[in-house]
Structure formats: C-alpha cells, structure tokens
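Participant: dropping the sequence and predicted coords here.
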Amino acid sequence: MSQQSTALPAAPTRPSTLWQVLTSTDHKSIGLTYMGVAAVFLVLGGLEALVMRVQLAVPNNRLIAGETYDRFLTMHGTTMIFFVLLPLLLGFTNYLLPLQIGARDMAFPRMNAFSLWLLVGGGLLLYLSPFTGAPSQGWFSYAPLSETPFTPQRGVDLWSAALIISGYGTTLTAVNILVTGARLRARGMLYKRLPMFAWMGWINGFIILFALPCLTAVLLMLEVDRLLGAGLFTRGDPVLWQHYFWLFGHPEIYLLILPSWGLISEIIPVFSRKPIFGYEFVAWSTVAIAFLSFAVYAHHMFAVGLGWPVDLAFGTTSMVIAIPTGIKIFNWLATMWKGSVRYTLPMLYAAAFIVQFTFGGVTGVTFAVVPIDWQLTDTYYVVAHFHYVLFGGSLFAVLAGLHYLYPKFTGRFLDERLGKWGFWLNVIGFNGVFLVQHLLGLMGMPRRVYTYPALPGWGALNLFSTVSGFVLGVGLLVLLVNLVRSRTHGVPAGRDPWNGWTLEWLSSSPPARENFALLPPLHSRRPLWDLKHPDDMDHVRPRRHDKNGHIREEERDHT
Amino acid sequence: MSAYPVFDPASSLARPITDLTRLTFWLGFGVFLIVVLVLAYFMWRYRHRGADGEPGQVFGNTRDEVSWIVAAVLLVAFLLFMTVRTAAASSPSTAGGTPDIYVVAHQWYWEFRTPDGAVSSDELHLPVGQRVLLDLTSTDVIHDFSAPQLARKIDVIPGQHNRLWIEAARPGTFSGACNEFCGPQHAWMRFTVIAEPPAEYRAGQAARAAVAAVSNASASRGAQVFARVQCGACHGVRGQPSAFPHDGAVGPDLTHFASRRILAGGVLTNTPEHVQRWLRDTQGVKPGARMPTLPLSGTEISDLTTYLEALK
C-alpha cells in the first residue's frame, strides 16, 4: 500500500500504431489506410488475374474449367473496381483535398472514418463469399443469369451485400468531399483558384453522389428477386438491370479517372516547371465530362437491340465526351511546351499515362461509332480497351501520384533505381498483356470465356499475354518492395522536395496534425510560387509579362 | 474462316462496317500518333539541361484552345456522319417481313428452326446471295448472336424477339459464337454458318426437314439404349418412337445428328471417338453442361454411338 501511494502518476501510454490506424479520424491517416487496404486487395485481384491468364495460356485448357474460372473472373473485376481503384483514388482525395485547400481536416472526420470502415467491411464480406460458393455471374451481374435459377450460390448475395455496404461508405465520402470543398477552403482559396487535383476531386464528388445510389438501388432489387422471389428481372424485363447498372456503371468509369486526371494535372506542371496550360479549359472540361458521363451509358447496350434512335443518341453523346477529354490531353502537352522537363519517376509515369490513356481513349471512340460496336463489343477488344483506360490510364496515374506524394506521406523519397526498374517492368508488362488483346478481339475471341479453340494465332497471342502478365506482376512487386523499403531507407526529402506550388508542400513531411500552423496570403492558384517569387507573383502577372511569360524589360527592377 | 473476320466480310451487310472500321482505325491511329510524337518531341526538346531559374511562365492561349477544340469537333462530326450512313446500310429495318429462320439460344447451344420444319443445332444453313431475316430469342439467360463476317451482332434475350438481317455473299463456312456472358460454358457456345448455292441449300433443307432415317440395321441396339436411359426426355429424334409427349425440346434435336460437324457448341468435332468420349465423360468434357454424365457401360456407349452416327 505504501509503495502505491508514493508512486508517481503513470505517464500516459502511447497507443499502438495499429490502434491509432483503427481509431483515427485524421484525413491523412484515413487516406493512407484507404491506400493500404487497396494494396492488399490489389495483391488479391492481381493473383486472380494471373490465375485467369494461366488458364488462358493455351487453347482448350481444362485447368480451371467452367464455373471456377467465372468465380475468378467475378472476384477479379469486383475487387479491382470497387476495392482497389476506388479506395486508391478516395485515399488520394482524402489525403490531398484538405491539404490543397488549406483545411485542417475533412468536414466530417468521424463520418470519414465510418465510410472507410464500411468499405473495408464490404471488402471482407466479398472475400467471405468463397466459403459459401464465390459469385460466378460476373462483376456486371447481368440478369437473369444472376438470378437464383442460374446462379444459386449464396456468394451472389454476399457479393451484393458487400457492394451495398461499401457503396454506402463511398456515397457518404462523396458528401464529405462536397462539403469540404464547398465550406472549408481557406480564406482566399476561391473556387477559381483551386489546384487542379482539388477541383477534379471535388467535381468527382458529384459523380459519386449521383451514380452510386443507382447501383445500391439495383442491387436491392436483385436481392428482392433472389431472397423474396419477386421476379423483377425474370417475369419483368431482364434489360431493366442493364439500364440501372450502366447508369451507375459508366459514370463509375469516370469517377475512377477524374482524380487520376487531377494527379496528372499536378505532376506535369511541376516537372515541366510551368503552370497548367489553359486552367479554365481543363477545369470546365471536367465539368462537361461530369455531366456527359450520365448521358452515355447505353453505349454498353448497342447490341441489345434498343432501336436505332436510342443507339444514335448514345453514340453521339459518347463521341462528344471525347472532345473535353481531348482538351485535357492537348493542355497537358502544351504545359510541357517551352518548359523545362525533369525526368523524375512521377513524370515518367505521367508520360506513360498520356500514351496509354490516349490509346484507350482512341479505342473508346471506336465504340461510339455504333456499327463498329456492333462488331467488336463483348470481344477481347473491349477487355483491351478498358484495361488501357483503367490500368494504363487510371492506375498509372495513381502510380505517378504515389511516386510524387510519397515524400509527403513519409518524409523520404522512393528509391530511384528500384523505381526505374519497377517503371519499365510495369510499362513493358502492361502493354505486353493488353496490346495483343486488341488483335484477339479483332480475331473474334469473345470476352469472359474460360478457354478457346485452337484457331490460327489465338494460342500464340494468348501465351504472349500470359507471359507479359508475369512481367507486370514482378513490376508491381518491385514497386511494393520499394514502398516498404523506402519508408526506412529512403533519402530524406524535406517538406518541399519537388519545388511545388500548391499548399500541401508548405506543410511538413509528413504533415503535422491539423496540417498548417499558418497559411500565407492566397492571391493566386500557386501560393507557393508567390512565396518563392515575390518579384513575380502570379496575380500581378498580366501587366508585367510579355507573351512568352517573361517579365518585361521595363518591369525588371520593380518589385 | 478468316484470321480477322471483321476485316474479311462475306456479306453486303458486314462490308460497310469493315470499311468504316478501317477508316476509324486510321483516323484514330493518326490522332494517337500526333499525341505520341508531340509528347516525345516536347519531352526531348524541352528537357531540363541544367539551366538555373524557371522557364517563361505561360498560362495558356485561347486561340490554341479554340483551334484544337474546332479540330476535335470537326473530326467527331465527320465520324458521326459516317456512323449514320453505315448503320443504315449494315442494319436495315427489320419491321414488317416474316422471319425466315427462328434462332433459339439455350445454355449452351444454338437451335435453328425454319417454318418448313427443319431443325439444326449449332449449324446455320444459308442460301448464298439472299438476305435472310432471323428471329432470335432465348429460353434461359441473355446470349448474343455473332457471325462477324456475315452481319452485325445482336443480343438474344429471353422473353423478347430481336430480329436480324444476315447474308452470305459467297459459299463457305463461317464461324460464329455467343458473345454475351451466359454462364460457365459461355466458351463453348460456338456455331458454324454454312452458306450454299440456292439449289444445294434447297436440297439440304428438304433433307433436314425430313424425319430420321436409320440406315444401319445394327443401330437398333443403340435405339433400345436410347429409349432405356430416356435420352428422349431432353432430345428429340423426329420419326422415331418417343415416350415423351413434348418431343424433347430441352437439349439439341438429334434427328440428323450424323450430318453435324461439331458437338456441344464446338467443344468437340463430330467423330465416333468424340461421341464416345462425350457419352463417357460429359461433365469432364464440358463442365457445367446441362447434360449429366450418364452411368453407361462400354457396350452401351458404343451401341449409342453407332445409333447416333446412323442418324443421317
């Protein structure tokens, strides 16, 4: 007793890192947790892809024939779209949006944590489904194939529950993003001065908010059919499913690319040492795309037989959406014009992004040309196309962003040598897997098949694709090793390693709790440029510069 | 059969699409090439060469923006014009006419019926040089009818009747396949289109409409096995006695089995060895197929095979 009474009060113990991650409401911790969760699912989804590629390596293969293959197909698609790309992009948005607009956190930090754990819960539920028979109806889950008579296993119900639950989380995140962007901008951070990533991430909030509920609604309808026997899509109209699904599904593609465009629009200016060319055009083209993304969905359904007026209307909108997308690509190129391009890892990934995304965009336009879609839809040409957009485009932009922001996340650089290896393996592997799949599609190989006859060329191209898949796998593994190793072994980076211009580079690396002690006055889109160049601030630029962007002779000595 | 069916049309319906595909690919390749070359040139020409200080800060140029927006709009307008033109030529109106052939898709085979009573499975016979109107429906899930050298593809939807014009301009065999994911055996839902000169087509059609003629007397043992294991519960053989009133509309019609080239959606070619393998190990050859692996003895299998191969 006496000993106890004389003891000093115990020092408050620091909670374990795990506990901190699990309970944090800090937007940075939540953002990084999103990315960590996505990394785990990327490994799972990637392994599923490799299993499928092994099955498809040679014609008439019976290694994982029939329904088993379809289970891998379904899990791969669902995992990559909902539990890899989506959390990666939400992670970047969570981490960067408050930093870029000079806020201390998201508008609703506790709801933010709730959204994250809903998504994680959904992912866990999805990976419980193999214990009850994994879903095999495809991520697009077309009725009536997804109905009980054709796909009886409980895994389909777990699959929809997983997407409903994570979908609620994502919808709440959209609300959080919209309120944060609308209400928490620092004084002087006007809408027209938002950094490109913040702008595109914020616009993305609208797409999520309007698209995700369509999916939730149609999944509930499917469950009403499956669990209560309503027959909405069997006694009713099976095509109804497709309308709801693609009314969600096509905006979904755009909500998986908008934040990626945002990252590219940050990286290219910084490493070209010039501001983004045509800020207003890039910004407004994003708004145009957000609107149009809801008006193109039926181009997934040109083969359904909806009738020529419908096909023509959606073909037109699908072509029109290529124009604002093209505007972005030309502005990125023009940003490099007369710049001073640094060959850093983020810039290399951004360059690969432009090439691959443009290729995917061009093949995308071929689907808007309705008769071509009548020939090529549901072949491997489609598989190649959307992997160029989502992997070669969106995920490569994420990798660019990861190399760009890693010093901010950890305070250290990623290793340059390992990074270069990873980059080239990823580029060669990715293009090796998917470039030949365009040819397979033109040869008439249907998508979603577990095997194929030994027609001339089919075996060789598929084998090439499979081997490249393993190169890609090694590339991603090298990246993963680099991410883990550089946390402790990387070169220290400091707060502003890239000589950046947006507010996140003002905070320490990693940023302290609540991000900023003080903010500089915000007069322009590049507050850090203004701080670094007090004699050449952006908001006094128009009257002091010639058309090449240099300070006029007679203005040289004025400050 | 051609390595690139979309570039080797054999039909006045598919040819316009091929021309448009070529045009669009060249235009798209041109745009892609411009972007890549500009990117490569800028990255090389404006690479950092060790100079201090920042380059001139250019924020944009409205004239440049307008010029590439106009270029994009013109390109899109041209493609749209070509789309409308080609669509009319490759997918003419199907309203009004009576269908010539009824296509019924099943998990996982195709059934082709004509009003004169001919039935075939996984083999569509067409007269050369005539446009034929198809009526397509499905008994279970959504499938998709795709014969890229002869026509556009179209979905086959339960409860709906889509229609499609198809034409073969030259005699030959053309491959087709289901293109909409329809379950575990989507891979083996292929079919062959056989285009014949009209006279041959008419003769073949008459033969296909006729009832089965079992030519081989030794096949009668197989017919007994067929009846005993109740194959007729799913399969019809027209002209042969059946215990089942619905005349076997579940599985493929077997009336002219011996004249078929492929089995079970293309998973096997029609040879006696393959038929035996199919009967011995149905689920091993085509896992998930609606036909179970039947507990048949070796003699039963060879008898059945003899019977089936006698159904000319």
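Facilitator: Good, I have the coordinates. Numbering: from 1, shown residues only, chains lettered A, B, ... in the order given.

Participant: all contacts plus neighbour counts: C-alpha atoms, from now on.
Facilitator: Will do.

Participant: tell me the mean pLDDT over the longest helix along chain B?
Facilitator: Longest helix in chain B, counting residues (DSSP state H): helix B:15-45. The average pLDDT for helix B:15-45 rounds to 95.

Participant: what comes up buried for it?
Facilitator: Within helix B:15-45, the residues that count as buried by 16 or more other Cα atoms under 10 Å in any protein chain shown are B:15-21, B:24-25, B:28, B:31-32, B:35-36, B:38-39, B:42-43, B:45.

Participant: low-confidence regions, chain A specifically.
Facilitator: Regions of chain A meeting the criterion pLDDT under 70 cover residues A:1-7, A:542-544, A:547, A:551-559.

Participant: now chain B
Facilitator: Ranges of chain B meeting pLDDT under 70: B:1-2, B:215-218, B:243, B:245-248.

Participant: the residue lying farthest from the centre of it and chain A, how far apart?
Facilitator: Using Cα atoms, centre = their mean, the residue of chain B lying farthest from its centre is residue B:52. It sits 63.8 Å away. As defined by Cα to the nearest Cα, to the nearest Å, residue B:52 lies at a distance of 10 Å from chain A.

Participant: so that residue sits in a helix?
Facilitator: No - Residue B:52 is assigned coil when assessed by DSSP: H, G, I helix; E, B strand; the rest coil, not a helix.

Participant: ok, now how distant is residue A:246 from chain B?
Facilitator: 16 Å.

Participant: so who does the residue nearest to that residue when sequence neighbours are not counted touch?
Facilitator: Of all residues not flanking residue A:246 in the chain, residue A:297 sits nearest, at 5.4 Å (Cα to Cα, 6 or more residues apart in numbering or on different chains). Contact analysis of residue A:297 by Cα atoms under 8 Å, 6 or more residues apart in numbering or on different chains lists A:243, A:246, A:247, A:249, A:250, A:251, A:314.

Participant: out of those residues, who's the most crowded?
Facilitator: residue A:251 (26 neighbours; other Cα atoms under 10 Å in any protein chain shown).

Participant: for that one, what are its contacts?
Facilitator: Contacts of residue A:251 by Cα under 8 Å, 6+ apart are A:207, A:208, A:211, A:290, A:293, A:294, A:297.

Participant: wait, what's in contact with the second one?
Facilitator: Residues near residue A:208 by Cα under 8 Å, 6+ apart: A:170, A:171, A:174, A:251, A:252, A:255.

Participant: again, but for residue A:210
Facilitator: Counted by Cα under 8 Å, 6+ apart, residue A:210 has zero contacts.

Participant: can you name the helix or strand that it falls in?
Facilitator: According to DSSP states H and E, residue A:210 maps onto helix A:196-228.

Participant: ok, residue B:80 next?
Facilitator: Using DSSP H and E, residue B:80 falls in helix B:62-90.

Participant: now find how far off-centre that helix is within its chain.
Facilitator: Relative to its parent chain, helix B:62-90 has a centroid offset of 32 Å by Cα atoms, centre = their mean, to the nearest Å.

Participant: sorry, back to before: buried ones among the contacts of residue A:208?
Facilitator: In those, the ones that pass as buried (16+ other Cα under 10 Å) are A:170, A:171, A:174, A:251, A:252, A:255.

Participant: so can I have TSV of those showing secondary structure?
Facilitator: Shown next, in TSV, are these (three-state DSSP):
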residue	secondary structure
A:170	helix
A:171	helix
A:174	helix
A:251	helix
A:252	helix
A:255	helix
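
Participant: quick one: these as a markdown table, columns for distance to residue A:38 too.
Facilitator: Listed next are the buried ones among the contacts of residue A:208 as a markdown table, based on distance: Cα to Cα, whole Å:
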| residue | distance to residue A:38 |
| --- | --- |
| A:170 | 14 |
| A:171 | 18 |
| A:174 | 18 |
| A:251 | 21 |
| A:252 | 17 |
| A:255 | 16 |
